[in-house]
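**Student:** got a predicted structure plus its sequence, pasted below:
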Amino acid sequence: MTHSHTTQYHTVKRIDNSRLARPTPKARLNDCWRTVAIGAAMAACLLSYAWQHFECIQIHYQLEQLQTARAQALELNQQLHVEDATLRAPGRIDTYARKHLGLTVAAPGQQSSADASDAVVAQARAGGQVVRP
């Protein structure tokens, strides 16, 4: 007797469902978009605050630079006023005129009257010929 023996094999077929996309419900999709919109609004607010903060810091630095420049300008102005007063001092002018220019005190009769020089200046301003007395 021959006995026929049939063996059955059961194989398990593995199915890869990772590529399948489950349709999302409309309400869940709306919640997702709402969350994204809220996050974007918060990010925009944060960026706006950061931009204003950094702008304020930059303006503060510029203000300090301008105040330093103003203080330097005031100090230079004061030095120039002192130098101007020194240069306009009659004693200094007299000493300079005697030492460097060789000028001396005017001898009697060497001076001209102020009225005559005023007339010469008036004629020159009027555009006329300058006539010396």
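**Tutor:** Structure received.
**Student:** residues near Lys85, how many?
**Tutor:** Careful, residue 85 is Ala and not Lys. When neighbours are counted by other Cβ atoms under 10 Å, Ala85 registers 9. The C-beta positions use only the backbone N, C-alpha and C, and glycine is treated the same way.
**Student:** in this protein, where's the longest helix?
**Tutor:** Looking across the chain with DSSP state H, the single longest helix is helix 26-87.
**Student:** quick one: name whatever helix or strand follows it.
**Tutor:** Using DSSP states H and E, the helix or strand that follows helix 26-87 towards the C-terminus is helix 90-99.
**Student:** now do that next one: distance to the chain's middle.
**Tutor:** 47 Å (Cα atoms, centre = their mean, to the nearest Å).
**Student:** now it against helix 26-87, angle please.
**Tutor:** With axes from the mean of the first three to the mean of the last three Cα atoms, to 10 degrees applied, the angle from helix 90-99 to helix 26-87 works out at 60 degrees.
**Student:** one step back: what packs against the longest helix of the chain?
**Tutor:** Judged by 3 or more Cβ pairs under 8 Å, 6 or more residues apart in numbering; DSSP states H and E, helix 26-87 is in contact with no other helix or strand.
**Student:** so in the chain, where's the weakest helix or strand by average pLDDT?
**Tutor:** The helix or strand with the lowest mean pLDDT-type score in the chain, counting by mean pLDDT, DSSP states H and E, is helix 114-126 (a mean of 63).
**Student:** phi, psi for Arg14 please.
**Tutor:** phi -90, psi 130 (degrees, to the nearest 10).
**Student:** and the pLDDT at it?
**Tutor:** pLDDT for Arg14: 83.
**Student:** number of residues surrounding it?
**Tutor:** Counted with other Cβ under 10 Å, Arg14 comes out at 6.
**Student:** OK, contacts around it?
**Tutor:** By Cβ atoms under 8 Å, 6 or more residues apart in numbering, Arg14 lies in contact with nothing.
**Student:** circling back to that earlier point, same question for the longest helix of the chain, mean pLDDT?
**Tutor:** 96.
**Student:** and the residue nearest the centre of the chain, how close does it get to Leu74?
**Tutor:** By Cα atoms, centre = their mean, the mean C-alpha position of the chain lies nearest to Gln62, the distance being 5.7 Å. Going from Gln62 to Leu74 by Cβ to Cβ, to the nearest Å gives 19 Å.
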